[in-house]
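> here you go, sequence then predicted model.
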Amino acid sequence: MTINLQETISLTELDAVGKPITEAKGMPGSAYTSEALFYFERDQVLGKTWAGLGFESELVNNGSLAPADFMGLPLLMARDRQGSIHVFHNVCSHRGMTLVSEPKPQARSIRCPYHSWDYDFNGDLKTTPFIGGVGVNHVKGFSCENNGLKSVRSHIWMGIIFVNLSGDAPDFEHFIAPLAQRWETFVSRPSFDQLHVSASESSMELTIKANWKLAVENYCEAYHLPWVHPSLNKYSPLSEHYNIVFTDDMSGQGTYVYTLSEVAGTELPQFEDWPKDKIRHAEYISLYPNVLLGLQIDHAFAMILQPQSCETTFEKVQLYYVGEKALDDRYQACRSSVLESWRQVFGEDVFALEGMQKARHSPGFSGGLFSPVMDVPSHHFHQWVAERYSASTT
């Protein structure tokens, strides 16, 4: 999408974001309130890299279908008969009808509700009822071959279904390598792959009346803990946090002291190879553009930010527990306690995100300032966004 910078955002404003943190301004208000920029970001920011779309757990059975909205684009997640997951544009190749409007836990195929054209789970067009007249399902000059659904490049990692809308981002393994390597200092790849989702103590959802970028910026930093998260600050105090900036596409913060299990009295299975000198460590990474991750010794979580408009974001959170035994009934109360702890934390952020969103409409806001000590990860994200604006706008 091509936008007119003079009507939305100026190069001067973008240049100000890229300055050293002591001199920099943040992204201007229009980046959070402009509908034109929202769709620009879909195509040129989120769409150009690997963005989170949904969770593998949403497709429980082979033959499951789940529609998903990608900033106004209808997409479809499908698990085929062999268990592999595919993502398609949720659009019939005949007349452009939306194919699936509600999740289907066990479908026979992907059938259009308009003229009943039918696709398999690989997106191939299989039948075209009455295409040649009543009772005539074939017609000369038309072939089902090469007229199937349009696929979207996808990859699954940590149970998250990532998509690359443009189809030309670097390989996912290259994209995720810096984080995978960093977290190997906590847990080996085989152990990390043993994360499991509970049917009843793993999921929560929030709708925030704020731009998706504010959720990322807020998650990057721990500066707000004493005032927004007083309970969290007791078992993971601000004084024990550190900034994380280690690659172009992610940043965040970590803590040397995370003691929820001691405070809440929870006892869950832990990663067996977690280093003994880092028992209380935890890290919280914003994986740009829209996935927020947390890793602790006895659980992990992922949040997918699904932008609904320039001023509304839907947050889907999934918690993971360590090993199958963590799903036993004897750990149910502990799982519930951990889930509720994070529900409280994420809920406490809502007023701050929505308050910042309202203020983005004010002529008194000109991008904001950064603490050169506390806001380093957030400034890094602002720069990441500004660089993509500068590279893509005319």
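Structure received.
> contacts for stretch 132-150?
Residues from elsewhere that reach stretch 132-150, judged by CB atoms under 8 Å, 6 or more residues apart in numbering: 76, 88-89, 91, 93, 99, 110, 119, 122-131. Backbone N, C-alpha and C define where each C-beta goes, glycine included.
> switch the cut-off to 6 Å
Stretch 132-150 is contacted by residues 88-89, 93, 119, 123-125, 129, 131 when judged by CB atoms under 6 Å, 6 or more residues apart in numbering.
> in that stretch, what's buried?
The neighbour-count criterion (16 or more other CB atoms under 10 Å) identifies 144, 148-149 as the buried residues of stretch 132-150.
> between those, which is nearest Ser286?
Nearest to Ser286 among the buried residues of stretch 132-150, counting by CB to CB, is Leu149 at 32.1 Å.
> name the nearest residue to the closest one, sequence neighbours excluded.
Spatial nearest neighbour of Leu149, excluding adjacent residues (CB to CB, 6 or more residues apart in numbering): Gly123 at 3.7 Å.
> touching, His241 and Ala222? I think so.
Yes: counting by CB atoms under 6 Å, His241 touches Ala222, with 4.0 Å between them.
> need the overlap of contacts for those two.
With contacts taken as CB under 6 Å, 6+ apart, the residues that reach both His241 and Ala222 are Gln253.
> who has more neighbours out of these two?
For His241 versus Ala222, neighbours defined as other CB atoms under 10 Å are more numerous around Ala222 (25 against 22).
> check which helix or strand the more buried one maps to.
Element membership of Ala222 [criterion: DSSP states H and E] is none; it lies in no helix or strand.
> is it true that it touches Gln253?
Yes: with contact defined as CB under 6 Å, Ala222 counts as touching Gln253 (4.6 Å).
> overlap in contacts of the two?
Residues touching both Ala222 and Gln253 (CB under 6 Å, 6+ apart) are His241.
> just to revisit the earlier point, which one of the buried residues of stretch 132-150 is nearest to Phe175?
Nearest to Phe175 among those is Leu149, at 24.9 Å by CB to CB.
> what pLDDT does the closest one get?
Leu149 carries a pLDDT value of 98.
> from Leu353, how far out is it?
Taking CB to CB, to the nearest Å as the criterion, Leu149 is separated from Leu353 by 36 Å.
> please apply the same query to Asn146.
Applying CB to CB, one obtains 45 Å for the distance of Asn146 from Leu353.
> same question, His115
43 Å.
> neighbour count for these two, which is higher?
The residue with the greater number of neighbours, taking His115 and Leu353 and applying other CB under 10 Å, is Leu353; the counts read 20 against 14.
> contacting residues for the residue nearest to that one when sequence neighbours are not counted?
The spatially closest residue to Leu353, leaving aside those adjacent along the chain, is Ala210, at 4.0 Å (CB to CB, 6+ apart). Residues in contact with Ala210 (CB under 6 Å, 6+ apart) are 353-354, 357.
> now, the residues you listed that are in helices?
With DSSP state H as the criterion, helices contain 353-354, 357 from among these.
> where do the helices sit along the protein?
When secondary structure is read from DSSP H, the chain shows helices at 5-8, 11-17, 30-33, 35-41, 172-183, 189-192, 212-220, 225-228, 230-235, 260-264, 332-348, 350-359, 376-392.
> possible to save these as a markdown table with distance to Leu305 and mean pLDDT?
Below are the helices of the chain laid out as a markdown table (distance: least, CB to CB, whole Å; pLDDT from 0 to 100):
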| stretch | distance to Leu305 | mean pLDDT |
| --- | --- | --- |
| helix 5-8 | 22 | 63 |
| helix 11-17 | 20 | 94 |
| helix 30-33 | 14 | 97 |
| helix 35-41 | 12 | 96 |
| helix 172-183 | 17 | 97 |
| helix 189-192 | 22 | 93 |
| helix 212-220 | 5 | 98 |
| helix 225-228 | 18 | 97 |
| helix 230-235 | 20 | 95 |
| helix 260-264 | 23 | 89 |
| helix 332-348 | 12 | 96 |
| helix 350-359 | 11 | 98 |
| helix 376-392 | 12 | 95 |
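> quick one: closest of these to Asp80.
Asp80 lies closest, by CB to CB, to one member of these: helix 172-183, at 19.5 Å.
> my read: Gly167 touches Arg153, true?
Yes: in this structure, Gly167 is within contact of Arg153 by CB under 6 Å, at 4.9 Å.
> for these two, indicate the residue with more neighbours.
In terms of neighbours (other CB under 10 Å), Arg153 is the more surrounded of Gly167 and Arg153; the figures are 15 against 11.
> quick check: the residue nearest to the more buried one when sequence neighbours are not counted vs Val345, distance?
Closest residue in space to Arg153, ignoring its immediate chain neighbours: Asn164 at 4.4 Å, by CB to CB, 6+ apart. Shown here: Asn164 relative to Val345, a distance of 30 Å by CB to CB.
> tell me which of the two has more neighbours.
Under the neighbour definition other CB under 10 Å, Asn164 and Val345 were set side by side, and Asn164 has more, 22 against 16.
> want to try TSV for the contacts of stretch 132-150, with pLDDT and neighbour count as columns?
Conversion of those to TSV gives the following (pLDDT from 0 to 100; neighbours: other CB atoms under 10 Å):
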residue	pLDDT	neighbour count
Phe88	98	24
His89	98	19
Ser93	98	20
Tyr119	98	24
Gly123	98	20
Asp124	98	15
Leu125	98	21
Pro129	97	15
Ile131	94	15
